[in-house]
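Colleague: this one's sequence-less:
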Ligand SMILES: Nc1ncnc2c1ncn2[C@@H]1O[C@H](COP(=O)(O)OP(=O)(O)OP(=O)(O)O)[C@@H](O)[C@H]1O
């Protein structure tokens, strides 16, 4: 199937600063893709180039097979963009804000569709309220509504839940899943790892303008992840028994525990057998799986060690 968004060799230079360095990326139809990276990594720059708000210094971007520079009318129509910053006129009501936005795209906003959007974003009761009188979370939801009025094929959410409370975050996640279920492709940027872990089918990790890893979430965890077994000992030890040392076992807490890390796809059987064979007195057993956060930290540390720029 043709990718919904194709990014080929995209570079962006702001004067002497390289914000993006030869990024290649494909977004697939119907997926939730999370672009993950620290502040200043280049996430907003990439989204802005795809949405036609910025021009790449080099490279090309296609949305539904059309070039975002040459065929910008078609590509803008296919895209809904929810920016980080609130960008609506506070003097219009919620309904007017959505109708004006639909007007920009030259699409009529049927009553049915208006109500559907307002209901999904829990704004139905605020339909006639001036947008300046909305709470911060409601304003954010109205931003999403604005991006949806022309029924885009791809929705870009730039930090959708920054500064949003936990409850609203959950309800926005729910809505994003509903959109995917209806066939909308969703690309979100975030530095909340929890958000990527919860929502995304695939994750791209970006740092200082480079894509460091691009994988399915499960694959990313499998390849870069590990799980750890911690054996809390009856009696502290000065050295790790050789059979456990051979499996990479290390003492922790001044010898009160032994920790063994194994690749995510493997079991703890060999380590448990080695511990039993060595006659280790074990008081307690703890296990921990790698989270996307651990993977992210490792990838960024690796990128820095290689001196990427
Ligand atoms: N218009 C601009 N002029 C000059 N430099 C810019 C401009 N826009 C972005 N930059 C720089 O490009 C780099 C990437 O910025 P970008 O906003 O894409 O990062 P980001 O990953 O979205 O960060 P954040 O998580 O903070 O939103 C940063 O160093 C930023 O200062």
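Modeller: Okay, I see it. None of these values were measured; they are calculated from a predicted model.
Colleague: Would you mind naming what in the protein lies close to the ligand?
Modeller: Residues of the chain lying near the ligand by CB under 6 Å from any ligand atom: 14, 17, 19, 37, 39-45, 191. Every C-beta, even on glycine, is put in place using the N, C-alpha and C of the backbone.
Colleague: at 8 Å instead, please
Modeller: When proximity is defined as CB under 8 Å from any ligand atom, the chain approaches the ligand at 12, 14-15, 17, 19-20, 37-48, 54, 84, 158-159, 189, 191, 206, 209.
Colleague: ok, how many other residues are close to residue 298?
Modeller: Using other CB atoms under 10 Å, residue 298 is surrounded by 15 other residues.
Colleague: part of a strand, is residue 156?
Modeller: Yes - assessed with DSSP: H, G, I helix; E, B strand; the rest coil, residue 156 lies in a strand.
Colleague: so what's it up against?
Modeller: Listed by CB atoms under 8 Å, 6 or more residues apart in numbering, the contact partners of residue 156 are 47, 50-51, 79-82, 147, 187-188.
Colleague: all strands for the stretch 201-309 of the chain, in order.
Modeller: Per DSSP state E, counting those that start in this stretch, the stretch 201-309 of the chain carries strands over the ranges 202-207, 210-216, 226-233, 250-252, 257-263, 282-289.
Colleague: Report the mean confidence score over the fifth one.
Modeller: Yep, that's strand 257-263 we're talking about. In this model, strand 257-263 carries a mean pLDDT of 90.
Colleague: Give me the angle between that strand and strand 282-289.
Modeller: Relative orientation of strand 257-263 and strand 282-289, computed by axes from the mean of the first three to the mean of the last three CA atoms, to 10 degrees: 30 degrees.
Colleague: Report the contact partners of residue 114.
Modeller: 95, 98-99.
Colleague: where's it, which helix or strand?
Modeller: In this structure, residue 114 sits in helix 111-120 according to DSSP states H and E.
Colleague: Just the buried residues of that helix, please?
Modeller: For helix 111-120, the neighbour count (16 or more other CB atoms under 10 Å) marks 113-114, 117-118, 120 as buried.
Colleague: ditto for stretch 32-41
Modeller: Buried, per 16+ other CB under 10 Å, within stretch 32-41: 32-37, 41.
Colleague: got the contact list for the next helix or strand after the helix holding residue 114?
Modeller: Next helix or strand after helix 111-120 toward the C-terminus (DSSP H and E): helix 136-148. Outside helix 136-148, the residues that touch it by CB under 8 Å, 6+ apart are 80-83, 86-88, 94, 97-98, 101, 117-118, 121-123, 126, 131, 134, 155-157, 160-161, 163-165, 168, 172, 175, 179.
Colleague: Just the terminal-to-terminal distance for stretch 260-273.
Modeller: For stretch 260-273, the first-to-last residue distance is 12 Å (CA to CA, to the nearest Å).
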